[in-house]
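# What follows is a predicted structure for the sequence shown.
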Amino acid sequence: MIHTTTQAARCFRQGALFALVLTLCIPAFAEQKGLLETIHKHKFLTSTMADNGDVNPYAVIVAPVSAGVIEQGDVLVDNFNNISNLQGTGTTIMRYRPSTKETKLFAQVPQKLAECPGGVGLSTAMTMLKSGWVIVGSTPSTDGTTRTKGDGCLLVFDANGHHVATWAGAAINGPWGSMATIDHGDSATLFISMAGFGVQSPDVLDPATHYPVIAHQATVLRFNLTIPEGKPPVLQSQTVIGDGYSQRADLANFLLGPTGLALGTDDTLYVTDGLDNEITAISNASTRSGSGGKGELVTKDGLLSWPLGMIMTAQGHLIVCNGKNGQAVEIDPVAKKQIYAHWLNANQAQSPPGNGNLFGIALAPDGKSFYYVEDDINSLRIATP
C-alpha cells in the first residue's frame with residue numbers, strides 16, 4: 001500500500017480503525033454537508049387518487065398527534081384537480097397510515113361551497129394542529145384556469161374529516177403555499193402565501209415577453225388563532241408580513257407564485273419565489289407588525305429551477321422541490337449557500353426530466369427521511385437513507 005501523506009502513514013502505523021482513518025486522514029470524504037447526501041432510497045407508498053377521481057396531489061403534511069380517525073404519523077395529501085383533470089376543482093384529502101400501509105379518504109367537501117368565494121380547489125396550503133384541527137387552503141376555478149379563478153378561502157376540518165368552519169375575506173386571495181405553523185396547543189400562528197391578487201386570465205399576455213402578465217402582488221399572510229377547548233380555532237388577527245412576490249397565470253400550472261414556506265428557529269420565515277427563481281427571508285416573522293416586503297435574498301438561480309414546496313431540516317437547512325425538473329435542492333440559509341441537488345423524479349417523458357412532477361414535501365418524524373408527491377403518477381413516496 002502506498003501512503004500519499006505523512007498523516008496517513010502515521011495513522012496506519014498506529015493501527016487506527018478504518019472509520020478513524022476516514023475521519024482524520026481523508027476528512028473531505030467523511031464530511032457530511034446535509035440531509036440530501038444521505039438519501040439513497042425512494043419508495044412508492046400509495047396512489048393519491050380519490051374514489052371520486054380527484055388527481056394532482058399538492059399538499060403533504062404529517063399528523064403531529066393522534067385524534068379522531070387520525071393516528072400520529074399519518075400522512076395527509078390533498079388533490080387540486082377533479083376527475084376531468086381541471087385545476088382548482090379538487091375537493092378531497094387522502095390519509096395514508098405508514099403503520100398499516102392503509103390509504104383512505106379523510107375529508108371531502110362539495111366543489112361549490114357557498115362560504116368559499118369561487119368554490120373549492122384544495123391547494124398546497126395545509127396544516128394539522130396539536131388540537132386535532134386540520135386547516136387547508138382553497139384556490140378555486142370552474143374551468144381549470146385562472147379565467148374563472150375565485151378568491152378562495154381556508155377550510156377547517158375536525159379530526160374526523162368534518163368541515164366545521166370557513167375563513168374568507170379581503171386579505172385572503174388564492175391561499176397557495178405550504179403553511180408554516182407555530183403551535184402552542186391553545187393558540188397557534190399560521191403563515192400562508194396568497195398568490196391570487198392581480199392574477200389575470202392566461203390569455204392576457206405581456207407584449208414584451210408573450211407570456212401571461214406578471215403581477216408583483218402576492219403576499220405572505222400571518223394568522224393568529226386561539227383554540228378554545230373542544231371548539232374550532234378562532235381567527236383573532238391577520239397581518240401581511242410579506243408582499244411584492246411575483247405571480248402570474250399559467251395554462252399548464254394554473255398559476256405561478258410563492259409556494260414554499262419554512263420557519264427557522266430564530267423566527268425567520270423563508271419563502272420560495274418560483275418566477276424570480278429565488279428564496280428570500282423575512283425576519284421576526286411572528287412578531288413584526290408590518291410587511292418586510294420580499295425580505296432578504298438568501299439564494300437565487302444556480303441549482304434552483306422554479307422552487308416550489310420547501311421544508312426545514314433538523315440541521316437548519318432548507319430542502320426545496322424544483323418545479324422545472326425532478327430535483328430537490330438543499331440550502332444552508334445562514335451561509336446562503338446551495339449545497340446539493342438530488343433527483344427525486346427523473347421521468348424522461350418530460351423535458352427536463354421530471355419537469356412539473358414535484359410539488360409538496362414533508363419531513364418524516366425520524367428527521368432523516370421525507371415524504372413527497374409525484375404529480376405525474378399521482379403518488380406519495382418516501383425518500384430514506
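Cool, got the structure.

# Helix, strand, or coil at residue 147?
helix (DSSP: H, G, I helix; E, B strand; the rest coil).

# Not including adjacent chain positions, what is the nearest residue to it?
Among residues not flanking residue 147 along the chain, residue 201 sits closest, at 4.3 Å (Cβ to Cβ, 6 or more residues apart in numbering). Every residue, glycine included, has its C-beta placed from N, CA and C.

# Which stretches in the protein count as helices?
Under the criterion DSSP state H, helices of the chain are mapped to 6-13, 18-25, 27-30.

# Can you tell me which of those helices has the worst average pLDDT?
The weakest mean pLDDT among these belongs to helix 18-25, with a mean of 32.

# mind giving me the domain ranges of this structure?
Using automatic domain parsing, the domains assigned to the chain come out as 1-31, 37-384.

# Identify the residues contacting the residue nearest to residue 147.
Residue 201 sits next to 145-147, 212, 249 when contact means Cβ atoms under 8 Å, 6 or more residues apart in numbering.

# change it to 7 Å
Residues near residue 201 by Cβ atoms under 7 Å, 6 or more residues apart in numbering: 145-147, 249.

# Adding distance to residue 186 and pLDDT, write these out as TSV.
What follows is those, written out as TSV (distance: Cβ to Cβ, whole Å; pLDDT from 0 to 100):
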residue	distance to residue 186	pLDDT
145	41	98
146	38	98
147	43	97
249	40	97
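
# filter the residues you listed to the buried ones?
145-146, 249 (16 or more other Cβ atoms under 10 Å).

# so residue 80 makes contact with residue 55?
No. Look at residue 80 against residue 55 with Cβ atoms under 7 Å: they stay out of range, at 8.3 Å.

# When the two are compared, which one has more neighbours?
residue 80 (27 against 20; other Cβ atoms under 10 Å).

# tell me the contacts of that one?
Applying Cβ under 7 Å, 6+ apart, the residues near residue 80 are 56, 58, 87-88, 90, 121-123.

# And residue 248, how far from residue 273?
12 Å (Cβ to Cβ, to the nearest Å).

# Sorry, wrong one. I was asking about residue 312.
Using Cβ to Cβ, one obtains 17 Å as the distance from residue 312 to residue 273.

# neighbour-wise, which of those two wins?
Neighbours of residue 312 and residue 273, each counted by other Cβ under 10 Å, are more numerous for residue 273; the result is 27 against 18.

# Could you report the separation of that one from residue 326?
For residue 273, the distance to residue 326 - Cβ to Cβ - is 20 Å.

# Ok, residue 272 next?
On the measure of Cβ to Cβ, residue 272 and residue 326 end up 16 Å apart.

# what does residue 50 give?
Residue 50 is 24 Å from residue 326, by Cβ to Cβ.

# Equivalent analysis for residue 240, please.
33 Å.

# Just want to know which of the two has more residues nearby.
In terms of neighbours (other Cβ under 10 Å), residue 326 is the more surrounded of residue 240 and residue 326; the figures are 24 against 14.

# thought the more buried one was touching residue 357?
Yes. Contact criterion Cβ under 7 Å: residue 326 and residue 357 qualify, at 5.5 Å.

# Give the residues shared as contacts by the two.
Joint contacts of residue 326 and residue 357 (Cβ under 7 Å, 6+ apart) are 345, 347.

# Which positions in stretch 92-101 come out as buried?
92-98.

# Check what pLDDT the closest residue to residue 134 other than its chain neighbours gets.
Spatially, and ignoring its direct neighbours in sequence, residue 134 is nearest to residue 157 (4.4 Å; Cβ to Cβ, 6+ apart). You'll see residue 157 listed with a pLDDT of 98.
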